[in-house]
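K.L.:
what would the 3D arrangement of this be:
(4 chains)
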2 protein chains.
Amino acid sequence: MAATLRDVARLAGVSFRTVSNVVNGYQYISDTTRSKVEAAIEELNYRPNYSARSLRLGRSNLIGLAVPALTQGYFAELTSEIIDTARARGIIVLTEQTNLSRELEIDALQGSRRQITDGLIIDPIALTSEDADQFVTQRPVVVLGENVFSPSVDHVTMKNVEAAAAATEYLIGLGRRRIALIGTTSPGGVTMGTSALRTQGYRQALAAHGIPHDPVLELPVGVWGREDGVAAIRSLIKAGTPFDAVFAVTDLLALGALHELNAAGLDIPDDVAVIGFDDLSDDVYATPSLSSVDAGRRSIAALAVDTLMDRIANPDRPPVYREVDFAIVERESTRRHS
Amino acid sequence: MAATLRDVARLAGVSFRTVSNVVNGYQYISDTTRSKVEAAIEELNYRPNYSARSLRLGRSNLIGLAVPALTQGYFAELTSEIIDTARARGIIVLTEQTNLSRELEIDALQGSRRQITDGLIIDPIALTSEDADQFVTQRPVVVLGENVFSPSVDHVTMKNVEAAAAATEYLIGLGRRRIALIGTTSPGGVTMGTSALRTQGYRQALAAHGIPHDPVLELPVGVWGREDGVAAIRSLIKAGTPFDAVFAVTDLLALGALHELNAAGLDIPDDVAVIGFDDLSDDVYATPSLSSVDAGRRSIAALAVDTLMDRIANPDRPPVYREVDFAIVERESTRRHS
DNA sequence: GTGAAAGCGCTAACAC
DNA sequence: GTGTTAGCGCTTTCAC
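P.N.:
Numbers count the residues shown, from 1 in each chain, chains lettered A, B, ... in the order given. The predicted model follows:
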């Protein structure tokens, strides 16, 4: 059996309250007492019992993180960054995957595991703003992405419209006029919100430059996997639609597109320039390397954790809506040959 | 404040022991009582307090998972599979990243967060078998990979030597004789164990076919990122070493190699056939798609969770060493043109 | 600076 | 089938 505070106190010859004080770094303890206690802790290899501490404090230092799938590069990187940020704050992250399922997202928000954690960071895909009340829960929630807006909850997100417009303008600046959009909203498709915003940015940029908007160039996809990028390019080529650039609303789609453009024998970027969205670390190793929009994932990770911790400490403050900055990252898939 | 068992009991007009019985699915309760209690639970939106339950039971239903980095595809997929397997068993996973750091691996094993979880699954990279006693801890540990063997602890791992030999033999069967090995052990390199075993398999296969073993074809790397695969091919080409195939000890290295071979204008697989190791889902979307060794990651995830749960339930059973099966997955990077 | 004691919410042994 | 009670290990108010 593991040693308890009492065991340590007995060995050190002090009251067990004193041991608790030492463990919690309480100030006014004589040096001799402190070192006696520390020696006893060392000898018994004492570790505080977190369940007891949590029960007493009503706080576990655990937070939940609910993302669609760790196998998607964006979420693997986001999760990695959130775990590291949390660790630096003394917080432990309990990750779960919602697999694009409405049920699992509701379970993440409402299920009994919420009880274990002090708060939750969630990136909802299947839920929409119509489900806004699902997000109003006993314990703090920070919502990522813009598929959902729930007025009484904290949000941390990216500037989707502006960033998508910037990517499109960048392609226009390269002289491209027939810019395909892969991953626009589709009637039954998931990720409506994000997709809609990036589509909006794309159209805004075209309009701003007087480029007519051709519906044939806007390709909806099922989900956001590489295979969907492949399929989009395939359908474009099959239909014989001319195009000289591709803006994919996510890097996975862009990587799939790259693969299929290569397979079709097209030159990138001479025949078709390609830019994605998310700035995954994989982009550098694509053939050719993939230009992308860095939408601020690293900032989002840090801001999400800090916003959640702040809300836990301060439950009554008004909800915040925070957006992080973006940047275009230029690589071979759009670079002019020099 | 959240409702407690007592609140529910008061509302339902029963003793709070009865409520506990209902919550825990105890058998002998009258249907009327049960439904009264359930109505009260519903009305108060009661959720059991896990800290209290854990404190009482000495068991949290939380397990730790320590992997090098979620940004590495293999570990993202492994983690994803472990989380899902655990969830199906009612267990929650608390993931941390050890970043190839010896200190962080020791912290995962010995640190105070061990206290929160019932057990730990760890894939050590920086620690070696010389650190075997670090793995002997109060609470159950399951060790993944073969960088470490600690005799009194459970292990779940893959058949590295056999799988690497099979990959090499497969290339030999394709008529290749100058097979480069990317990711062999290097004096100061990490992941010595895994690397050494796969190198051993490679050499065994060559020897079995009477192919002389050329040290120039064995390329050590720093870590196992795509950039290291790029560097390995670059050095090979720069040195003018002839080669007609590449076996990379991990897919990330192989994907980097693919990228650099493409950049050098070599035809894959005609000039150089490439096979990796791990069967990441990315492999399908590489250009060309990457052949690989499926070393049994999915089985490892399930087996690791089950072995840990079994050990938690049964702390005194003898330690086990379990190996899962592998398979060669053929794709374009090694396929003969038809 | 240290000690005694209450109680966080729950489970389970023990009565009835 | 239901009620009473002890106690898991800890933090913290209140004394001294």
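
K.L.:
which non-adjacent residue is nearest A:L266?
P.N.:
Residue nearest to A:L266 in three dimensions, not counting chain neighbours: A:V272, with 5.5 Å by Cβ to Cβ, 6 or more residues apart in numbering or on different chains. The way it works is simple: take the backbone N, C-alpha and C, and place the C-beta from them, glycine included.

K.L.:
isn't that neighbour right up against A:F247?
P.N.:
No - applying Cβ atoms under 8 Å as the test, A:V272 and A:F247 come out as separate, 11.1 Å apart.

K.L.:
which one's more surrounded, those two?
P.N.:
Using other Cβ atoms under 10 Å in any protein chain shown as the criterion, A:V272 and A:F247 rank with A:F247 on top: 30 against 24.

K.L.:
now name the helix or strand holding that one.
P.N.:
Using DSSP states H and E, A:F247 sits in strand A:245-248.

K.L.:
that strand pairs with which strands, and in what direction?
P.N.:
Next to strand A:245-248 in the sheet, as set by DSSP bridges, lie strand A:179-184 (parallel), strand A:273-275 (parallel).

K.L.:
averaged pLDDT, the last one. What do you get?
P.N.:
I take that to be strand A:273-275. What strand A:273-275 shows for mean pLDDT is 98.

K.L.:
where along the stretch 101-250 of chain A do the strands fall?
P.N.:
A:119-122, A:141-144, A:154-158, A:179-184, A:218-220, A:245-248 (DSSP state E, counting those that start in this stretch).

K.L.:
how far does the last one sit from the chain's center?
P.N.:
Read that as strand A:245-248. In this view, strand A:245-248 has its centroid 22 Å away from the chain centroid, taken as Cα atoms, centre = their mean, to the nearest Å.

K.L.:
quick one: low-confidence parts of the stretch 101-250 of chain A?
P.N.:
Along the stretch 101-250 of chain A, the parts satisfying pLDDT under 70 run over A:187-192.

K.L.:
residues of it that sit close to chain B?
P.N.:
A:112-116, A:138, A:226-227, A:230 (Cβ under 8 Å from any Cβ of the partner chain).

K.L.:
do stretch A:82-97 and chain B meet at all?
P.N.:
Yes - looking at stretch A:82-97 against chain B by Cβ under 8 Å from any Cβ, the contacts come from A:83-84, A:87, A:92-97.

K.L.:
buried sites along that stretch?
P.N.:
A:82-87, A:91-97 (16 or more other Cβ atoms under 10 Å in any protein chain shown).

K.L.:
quick check: of those, which lies closest to B:Y50?
P.N.:
Nearest to B:Y50 among the buried residues of stretch A:82-97, counting by Cβ to Cβ, is A:L94 at 11.3 Å.

K.L.:
Provide a list of residues in contact with that closest one.
P.N.:
A:62-65, A:113, A:116-117, B:62, B:92-94 (Cβ atoms under 8 Å, 6 or more residues apart in numbering or on different chains).

K.L.:
need the residues of chain A near DNA strand C, please.
P.N.:
A:14-18, A:21, A:28-30, A:33, A:52, A:55-56, A:58 (Cβ under 7 Å from any atom of the strand).

K.L.:
who wins on neighbours among those?
P.N.:
Going by other Cβ under 10 Å, A:T18 tops those with 21 neighbours.

K.L.:
next helix or strand past the strand or helix carrying that one?
P.N.:
If you go by DSSP H and E, A:T18 is part of helix A:16-23. For helix A:16-23, the following helix or strand on the C-terminal side (DSSP H and E) is helix A:31-44.

K.L.:
which parts of the stretch 1-150 of chain A sit against DNA strand D?
P.N.:
Checking the stretch 1-150 of chain A against DNA strand D by Cβ under 7 Å from any atom of the strand, the hits are A:1-2, A:4-6, A:16-17, A:20-21, A:23-24, A:48-49, A:52-53, A:55-57.

K.L.:
try 6 Å this time
P.N.:
A:4-5, A:17, A:20, A:23-24, A:48-49, A:52-53, A:55-57 (Cβ under 6 Å from any atom of the strand).

K.L.:
among those, which has the minimum pLDDT value?
P.N.:
A:N24 (77).

K.L.:
next one: that residue from chain B, what distance?
P.N.:
From A:N24 over to chain B the distance is 13 Å, taken as Cβ to the nearest Cβ, to the nearest Å.

K.L.:
and what of A:P48?
P.N.:
7 Å.

K.L.:
same check on A:A69?
P.N.:
For A:A69, the distance to chain B - Cβ to the nearest Cβ - is 7 Å.

K.L.:
just checking, that residue touches A:L78?
P.N.:
No - with contact defined as Cβ under 8 Å, A:A69 does not count as touching A:L78 (11.4 Å).

K.L.:
between the two, which has more neighbouring residues?
P.N.:
With neighbours defined as other Cβ under 10 Å, A:A69 and A:L78 compare such that A:L78 has more, 24 against 19.

K.L.:
now do the helix or strand harbouring that one and helix B:73-88, the angle between them.
P.N.:
Element membership for A:L78 (DSSP H and E) is helix A:73-88. For helix A:73-88 against helix B:73-88, the angle by axes from the mean of the first three to the mean of the last three Cα atoms, to 10 degrees is 80 degrees.

K.L.:
centre of the chain to helix A:73-88, how far?
P.N.:
8 Å.

K.L.:
and what of stretch A:194-204?
P.N.:
Distance, centroid of stretch A:194-204 to centroid of chain: 19 Å (Cα atoms, centre = their mean).

K.L.:
can you give the contact residues for that stretch?
P.N.:
By Cβ under 8 Å, 6+ apart, the residues outside stretch A:194-204 that reach it are A:145-147, A:160-168, A:179, A:181, A:183-185, A:189, A:213, A:218, A:247, A:249, A:277.

K.L.:
same question, stretch A:121-135
P.N.:
Contacts of stretch A:121-135 (Cβ under 8 Å, 6+ apart): A:63-68, A:75, A:78, A:82, A:98, A:100-102, A:105-106, A:108-110, A:141-145, A:147-153, A:190-193, A:304-305, A:308.

K.L.:
now a PyMOL select for only the buried ones of the contacts of stretch A:194-204.
P.N.:
Buried residues within these, by 16+ other Cβ under 10 Å, are selected in PyMOL with:
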select buried, chain A and resi 145+146+147+160+161+162+163+164+165+166+167+168+179+181+183+184+185+189+218+247+249+277
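
K.L.:
the residues of the stretch 1-150 of chain A next to DNA strand D: which two are farthest apart?
P.N.:
Pairwise over those, using Cβ to Cβ, the maximum falls at A:R17 and A:L55, 17.9 Å.

K.L.:
between the residues of the stretch 101-250 of chain A next to chain B, which is nearest A:L44?
P.N.:
A:I116 (27.8 Å).

K.L.:
enumerate every residue touching the closest one.
P.N.:
A:60, A:62, A:64, A:94, B:50-51, B:62, B:92.

K.L.:
from those, which land in helices?
P.N.:
B:50-51 (DSSP state H).

K.L.:
got the contact list for stretch A:171-178?
P.N.:
Residues outside stretch A:171-178 that contact it (Cβ under 8 Å, 6+ apart) are A:179, A:205-206, A:209, A:211, A:214, A:217, A:242-245, A:247, A:269, A:273, A:275, A:334, A:336.

K.L.:
in ChimeraX, how would I select the buried members of the residues you listed?
P.N.:
Buried residues among those (16+ other Cβ under 10 Å), as a ChimeraX selection:
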select /A:179,205,206,211,214,217,243,244,245,247,269,273,275,334
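
K.L.:
ignoring the adjacent residues along the chain, who's closest to A:Y285?
P.N.:
Leaving out its chain neighbours, the residue that sits closest to A:Y285 by Cβ to Cβ, 6+ apart is B:R226, at 4.2 Å.

K.L.:
equivalent analysis for A:V305, please.
P.N.:
Counting by Cβ to Cβ, 6+ apart, the nearest residue to A:V305 once its immediate chain neighbours are dropped is A:T85, at 4.5 Å.

K.L.:
before I go, just wanted to say thanks for your time.
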